[in-house]
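> Predicted structure and sequence below. I'll ask about it afterward.
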Amino acid sequence: MASSPTTSSSQSPRPPRPPRPNLAFRRLRGQRSPGEFAAAVRRAAREIDERVSCDARYIGRVEAGEIRCPNYAYERVFLHMFPGRTLTDLGFVPRSAVRGRGARTAEVAPAPRTTSPLSAPHETDGAYEPYVTTHDPYASYEPHEPHDPHEIDDQNHEESDVQRRAFMSGGTATVAAASLGPWGLAFGGTAEAAPRSVRRAGEAEAGALEEAVRKIRLLDDRHGADGLYRRAAAPLRAAYALLDAGAARQATTERLHTGAGELAISVGWLAHDSGRFDDARSHYAEALATARVARDPALEAHAFCNTSFLARDAGRPREAVRAAQAAQYAARPLGSARLLSLLALREAGGWAGLADRTGCEQALTRAQALYGRGPCDADPEWMSFYGDAELAGLEAQCWSTLGDWQRAAHQARRATRLQDPHFTRNLALYTAELADDLARAGHPDEAAAAGLRVLDLLDEVQSSRVQTMLAGTARVLLPHRRASGVSAFLERHRALPRPA
């Protein structure tokens, strides 16, 4: 009898390895039952806009060692639940040990899937990223796939040579546009495909890029930056791959430059708001370079605007002033009074950081006068956040930096009353500003009440900026812990999960 392709007469199959219990993961569950812990996993997933169908059975399989490495969706959730830890710290094995050629055995050789997601419109493009040689660790799984969505095990060999060749023969523009699709849970292999591009970017790709920018801004407005930043890296890579692919029409090229630059600014802001200042500075510089190459004054003004804001937060107030003034110079020909108003506020923040009260007040006066001219058609799309509430909130920050706590609290209170409650992140930010200003102005009871309102919003908002402000407020209120409401705020704040 002829031997099979995978087994010869001189080599018998190796017995399967027994699973090794995941004791580290079991310790993290603590006193909670598997069902209670599964519910906590599902809550954490909702906090970062992820979807997982976790139940007690899944937790049991992880603890028994049957699931040696979670899929990317579960990875994001676990790392969100236990910040500062890696998958190895959680008891899982490296992904390289359970997928790809290194994990294949002679006994198990499933037939490769050859259907490309580029030709399957009902599936999420790239959800399993089987086509990439350098995979993006933030892609998610398509829930409609036939195999078990809970795990990557020794039999899930997604990276077949047939599929990899199918990807490499596709056009860069096509792949990049697909990766920008449902908000950019993107392929990681866009750059690898560039040398074999077969067609240029067109209107559809430019539109996908612009829509990705809008989606990121909307998610940030509602939920804050912390759960979004790392997921936004892949769409940004795809955007610059589109630029490398080029476009047949000059108008499309201009849209691609603007879209890539705006996306770099949006990703930079996610880094900025989550406390990754060096990353933010790099993204803003990338956007500024894109603006200069494209000779796009609107993009240049936006990049300088955010650079000024970052410089202020990073403790470089003189740079904040210079960047804001450069932004105003770029923006003057655009005809948007509201844009010039915002840039004057950025300049005011820099002057406040330099303790120059006169310079700050002059810039604030200019900002208010320009804002009073009203909106116009020349106002950039990205300025949709700038309204009465933002004007009051930024002025509150200036007075706070100058140490005028009463005026700061007055403006922060105005900001909270004027803010549209649908923009949860900004509401949390202005309320945190109010709590801190009230605490420093000598109103501990009012500060604690405001702080408790912020804590209520943290179920929906993930922003390192807001949490840092709350920590400062808690320190100020500590000597007043006997005051009405202060102890309740301090206890709830103390119970917040801390980075490991």
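That came through, no problem. Residues are numbered from 1 along each chain as shown.
> number of nearby residues for residue 265?
Close neighbours of residue 265, defined as other C-beta atoms under 10 Å, add up to 28. Heads up, the C-betas are built off the backbone N, CA and C, glycines and all.
> residues making contact with the helix or strand harbouring residue 456?
Secondary structure from DSSP states H and E places residue 456 in helix 444-457. Outside helix 444-457, the residues that touch it by C-beta atoms under 8 Å, 6 or more residues apart in numbering are 424, 427-428, 431-432, 434-436, 438-439, 466, 470, 473-474, 476-477, 480, 483-486, 488-490, 492-493, 496.
> Give me the buried subset of the residues you listed.
424, 427-428, 431-432, 434-436, 438-439, 466, 470, 473-474, 477, 480, 485-486, 489-490, 492-493 (16 or more other C-beta atoms under 10 Å).
> picking up where we left off before, filter the contacts of helix 444-457 down to just the ones in strands.
In strands, judged by DSSP state E, none of the contacts of helix 444-457 are found.
> Leaving out chain neighbours, which residue sits closest to residue 337?
Nearest non-adjacent residue to residue 337, counting by C-beta to C-beta, 6 or more residues apart in numbering: residue 373, 4.0 Å away.
> what bits of the stretch 101-250 of the chain have low per-residue confidence?
Within the stretch 101-250 of the chain, the ranges that satisfy pLDDT under 70 run 101-206, 208-210, 212-213, 215-234, 243-248.
> go on, the chain?
1-17, 95-206, 208-210, 212-213, 215-234, 243-248, 498-500.
> By residue count, what's the longest helix in it?
Scanning the chain for the helix with the most residues, using DSSP state H, yields helix 250-273.
> Buried residues in that one, which are they?
Neighbour count says helix 250-273 has 252-253, 255-273 buried, by 16+ other C-beta under 10 Å.
> other SSEs contacting it?
Counting contacts by 3 or more C-beta pairs under 8 Å, 6 or more residues apart in numbering; DSSP states H and E, helix 250-273 is packed against helix 203-223, helix 233-245, helix 277-294, helix 297-313.
> what about the residue nearest to residue 337, how many residues close to it?
For residue 373, the neighbour count with other C-beta under 10 Å is 12.
> In helices only, show me the buried ones among the contacts of helix 444-457.
Applying DSSP H to those, the entries found in helices are 424, 427-428, 431-432, 434-436, 438-439, 466, 470, 473-474, 477, 486, 489-490, 492-493.
> mind listing what residue 272 touches?
Applying C-beta under 8 Å, 6+ apart, we find residue 272 in contact with 225, 280, 306, 309, 310, 313.
> Let's see that with 6 Å instead.
By C-beta atoms under 6 Å, 6 or more residues apart in numbering, the contact list for residue 272 reads 280, 310.
> now residue 77
For residue 77, the contact set (C-beta under 6 Å, 6+ apart) comprises 41, 44, 45, 50, 52.
> same thing but at 7 Å, please
41, 44, 45, 48, 50, 52 (C-beta atoms under 7 Å, 6 or more residues apart in numbering).
> Pick out the most distant pair among the residues you listed.
41 and 48 (11.5 Å; C-beta to C-beta).
> and the helix or strand containing residue 322 with helix 277-294, angle?
Assigned by DSSP H and E, residue 322 belongs to helix 317-331. Counting by axes from the mean of the first three to the mean of the last three C-alpha atoms, to 10 degrees, helix 317-331 lies at 30 degrees to helix 277-294.
> Check which helices and strands helix 317-331 sits against.
On a contact count with 3 or more C-beta pairs under 7 Å, 6 or more residues apart in numbering; DSSP states H and E, helix 317-331 meets helix 297-313, helix 337-353.
> tell me the angle it makes with helix 337-353.
For helix 317-331 against helix 337-353, the angle by the same axes, to 10 degrees is 160 degrees.
> Enumerate every residue touching the residue nearest to residue 353 when sequence neighbours are not counted.
Once flanking residues are discounted, residue 353 sits nearest to residue 317: 2.8 Å by C-beta to C-beta, 6+ apart. Residues in contact with residue 317 (C-beta under 7 Å, 6+ apart) are 350, 353, 354.
> For residue 317, give its distance to residue 272.
Separation of residue 317 from residue 272 (C-beta to C-beta, to the nearest Å): 16 Å.
> Same question for residue 414.
Per C-beta to C-beta, residue 414 is found 25 Å from residue 272.
> How about residue 20?
Distance, residue 20 to residue 272, using C-beta to C-beta: 42 Å.
> what ranges do the strands span in the stretch 1-150 of the chain?
Using DSSP state E, counting those that start in this stretch, the strands of the stretch 1-150 of the chain run over 69-70.
> Buried residues, stretch 368-384. List them.
So stretch 368-384, judged by 16+ other C-beta under 10 Å, has buried residues 370, 371, 379, 380, 382, 383.
> ok, residue 20 - contacts?
Counting by C-beta under 7 Å, 6+ apart, residue 20 touches residue 65.
> How about residue 64?
Residues near residue 64 by C-beta under 7 Å, 6+ apart: 19, 21.
> Can you tell me how far it is from residue 478?
45 Å.
> Which residues are in contact with residue 52?
Per C-beta under 7 Å, 6+ apart, neighbours of residue 52: 41, 42, 45, 73, 74, 77.
> what's the neighbour count on the fifth one?
Looking back up the chat, that one is residue 74. Using other C-beta under 10 Å, residue 74 has 26 other residues around it.
> For it, which residues are in contact?
Going by C-beta under 7 Å, 6+ apart, residue 74 touches residue 52.
> From residue 487, how far off is it?
Counting by C-beta to C-beta - residue 74 and residue 487 are separated by 38 Å.
> Next: the second one.
Summarising the geometry, the distance separating residue 42 from residue 487, computed by C-beta to C-beta, is 32 Å.
> again, but for the last one
Computed as C-beta to C-beta, the residue 77 to residue 487 distance reads 33 Å.
> same deal with the first one?
Using C-beta to C-beta, one obtains 32 Å as the distance from residue 41 to residue 487.
> of the two, who's got more company?
residue 41 (19 against 14).
> Now that one: closest residue in space that isn't a chain neighbour?
Nearest to residue 41 is residue 54, by C-beta to C-beta, 6+ apart, at 4.2 Å.
> Enumerate every residue touching that neighbour.
Here residue 54 is in contact with 38, 41, 42 (C-beta under 7 Å, 6+ apart).
> Now render those residues as a markdown table, adding distance to residue 329.
Shown next, in a markdown table, are these (distance: C-beta to C-beta, whole Å):
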| residue | distance to residue 329 |
| --- | --- |
| 38 | 56 |
| 41 | 51 |
| 42 | 50 |
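> ok so, going back, let's have the contacts of residue 52 in a markdown table, adding distance to residue 405.
What follows is the contacts of residue 52, written out as a markdown table (distance: C-beta to C-beta, whole Å):
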| residue | distance to residue 405 |
| --- | --- |
| 41 | 42 |
| 42 | 42 |
| 45 | 40 |
| 73 | 45 |
| 74 | 45 |
| 77 | 40 |
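> re the thing from before, neighbour-wise, which of the contacts of residue 317 leads?
In the contacts of residue 317, the most neighbours by other C-beta under 10 Å go to residue 350, 28 neighbours.
> how near is that residue to residue 240?
Separation of residue 350 from residue 240 (C-beta to C-beta): 30 Å.
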